[in-house]
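> sequence unknown, structure follows:
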């Protein structure tokens, strides 16, 4: 079967949806699956051709800067119409609403309907149902996302929807030394408002005279929320000495070091279709504190540490203190790491995706 792997909308290899796609592609390569053509965004074309030379790679004819959804969607449709394939797999279904070919798509979450407004929200409200209707079948990354689709779009047949979880890959090296001289807590994720970083900052303010730890934040601001809301709070409460912020991506080796030597990893998010960071931290055998919001309790298999309510800074601060005073044993951390590693093994998950894509 000839498969077209659609990366036409993926512009950044560090973006979560692109990470998902590349891990699936890595699994396909490991399985030696053949007859795969990649339709690739120009922004990551060099990376893809360098890392996957065994696959034919076609540069997508879309405009990354000025093209509208309709204009780029039509360009995508015309280009794909002339590519010889039996099925399309789109891990980031953004421009696929015109296609008449058999297409399998992954829906990661419905967060755009919750976090956007104005014209952007209107566009998602118009095009997302079309994408769902055009799909021959749909992969959801958690049962939570599947239930959300059924709730908001009850006209989508249940037979179309199938949950196959994300792949999680971490650097397996155990590093000998910490990247910092002092003890620290760790947050790794983007800095959207729904990631609930403000509640974490409030908790750090409560704890700043009670614990010796810095808070290391590895995450990019996605809009003006960080600068307009979080930075003024940090300055007002004189938290600068207690916070170290990396706003640009760091390499996998350094990220692994930060994960491995954190006394506690904290993920206070309110909206997740899956949630990579707490699972990655746990696989690195680091104690994790997160919420039970949206898909997080499901994806973390209920085996990590949780606090409630998610926006209660006092509850968060109390739980941080408890876990620092009484951390999980090494045996428990090892068991958690092994269970999550097996659950989200990229080789196994890629096989499930391929079998789902290529079935009749």
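Perfect, I can see it now. These figures come from a predicted structure and were not determined experimentally.

> neighbouring contacts of stretch 28-36?
Identification of contacts with stretch 28-36 by CB atoms under 8 Å, 6 or more residues apart in numbering yields 1-5, 52, 54-56, 346-347, 350-351, 354. Backbone N, C-alpha and C define where each C-beta goes, glycine included.

> inside strands: which ones of the residues you listed?
3-5, 56 (DSSP state E).

> can I get these in JSON lines including pLDDT, neighbour count and distance to residue 114?
Output for these, formatted as JSON lines (pLDDT from 0 to 100; neighbours: other CB atoms under 10 Å; distance: CB to CB, whole Å):
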{"residue": "3", "pLDDT": "98", "neighbour count": "22", "distance to residue 114": "32"}
{"residue": "4", "pLDDT": "98", "neighbour count": "22", "distance to residue 114": "31"}
{"residue": "5", "pLDDT": "98", "neighbour count": "24", "distance to residue 114": "29"}
{"residue": "56", "pLDDT": "97", "neighbour count": "14", "distance to residue 114": "38"}
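
> can you list these in TSV and add distance to residue 83?
As requested, these are exported to TSV (distance: CB to CB, whole Å):
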residue	distance to residue 83
3	11
4	6
5	11
56	10
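
> quick one on the thing from earlier: if you rank the contacts of stretch 28-36 by neighbours, which is first?
Neighbour tally across the contacts of stretch 28-36 (other CB atoms under 10 Å): the maximum, 24 neighbours, falls on residue 5.

> can you show me the strands along the chain?
3-7, 36-40, 56-59, 87-90, 103-107, 137-140, 161-163, 184-188, 214-218, 243-246, 264-267, 288-290, 305-306.

> tell me which residues touch the residue lying closest to residue 130 once chain neighbours are set aside, please.
Closest residue to residue 130 apart from its sequence neighbours, by CB to CB, 6 or more residues apart in numbering: residue 97 at 4.0 Å. Counting by CB under 8 Å, 6+ apart, residue 97 touches 73, 127, 130-131, 134.

> and which of those residues is nearest residue 335?
Ranked by distance to residue 335 (CB to CB), those are led by residue 131 at 39.8 Å.

> could you check how far the closest residue to that closest one other than its chain neighbours is from residue 118?
Spatially, and ignoring its direct neighbours in sequence, residue 131 is nearest to residue 93 (4.8 Å; CB to CB, 6+ apart). In this view, residue 93 and residue 118 are 22 Å apart by CB to CB, to the nearest Å.
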